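Enquirer: Requesting a structural model of the entry that follows:
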Amino acid sequence: MDVYNAIRTRKSVRSFLDRPVEQEKLQRVLDAARMAPSARNRQEWRFVVVTEQETRRRLADAASGQAFVAEAPVVLVGCAETDQHQMRCGHKCFPIDVAIAMDHLSLAAVAEGLGTCWIGAFSAEEVRSVLGIPAEIEVVELMPVGYPADPAPVEKNRLSLDTITRQERW
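Expert: Numbers count the residues shown, from 1 in each chain. Prediction:
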């Protein structure tokens, strides 16, 4: 699958088949995240791979009770081992860099026939407690991964390019 097709067919999956993700596919998806760019090549991202059912259930509870998180056979937790470095523009590197890596991961998952969903509604402290994540590690994102129960594409409602772009100046 080419990258444009992956971008067009990626969707938020909230219902997964009861089917494990093959280790080879999971490794390729994680390697795609590893290949993402990062500010000053700092590569602060870290990932916790969760497959144990009870742990996934506890993560679903930490994610505002979103039960589908536990339904996925894998939950990836995007973290950052960071010194809080800021780019010259004033933004911290780690949330942006982890997001770029997670996006690479989500597109690679589509190419592997898998589905994902970005989860931002969660308690970082609860996730930290469930997974034993040290206090100095930032918890940035949760992403359930698995085979979609409904693999059919969905129509995306997106703003037009004319609406979101400006030429040369605002």
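
Enquirer: In terms of secondary structure, what does the helix or strand bottoming out on mean pLDDT in the chain contact?
Expert: Taking mean pLDDT, DSSP states H and E as the measure, helix 3-9 is the helix or strand of the chain with the lowest mean score, a mean of 94. With contacts defined as 3 or more CB pairs under 8 Å, 6 or more residues apart in numbering; DSSP states H and E, the packing partners of helix 3-9 are helix 93-111. Every C-beta, even on glycine, is put in place using the N, C-alpha and C of the backbone.

Enquirer: For the helix it packs on, what is the distance to the chain centroid?
Expert: Centroid separation for helix 93-111 versus its chain: 6 Å, with CA atoms, centre = their mean, to the nearest Å.

Enquirer: what comes into contact with it?
Expert: Contact with helix 93-111 is made by 1, 3, 6-7, 9-10, 28-40, 42-45, 76, 78-80, 82, 84-87, 115-116, 118, 138, 140-141, 143, 145, as judged by CB atoms under 8 Å, 6 or more residues apart in numbering.

Enquirer: mind listing what's buried in that helix?
Expert: By 16 or more other CB atoms under 10 Å, the buried positions in helix 93-111 come out as 93-95, 97-111.

Enquirer: do stretch 148-162 as well
Expert: Those would be residue 148, for stretch 148-162 by 16+ other CB under 10 Å.

Enquirer: Endpoint to endpoint, that stretch covers what distance?
Expert: 33 Å (CA to CA, to the nearest Å).

Enquirer: Next up, the contacts around residue 130.
Expert: 55, 58, 59, 62.
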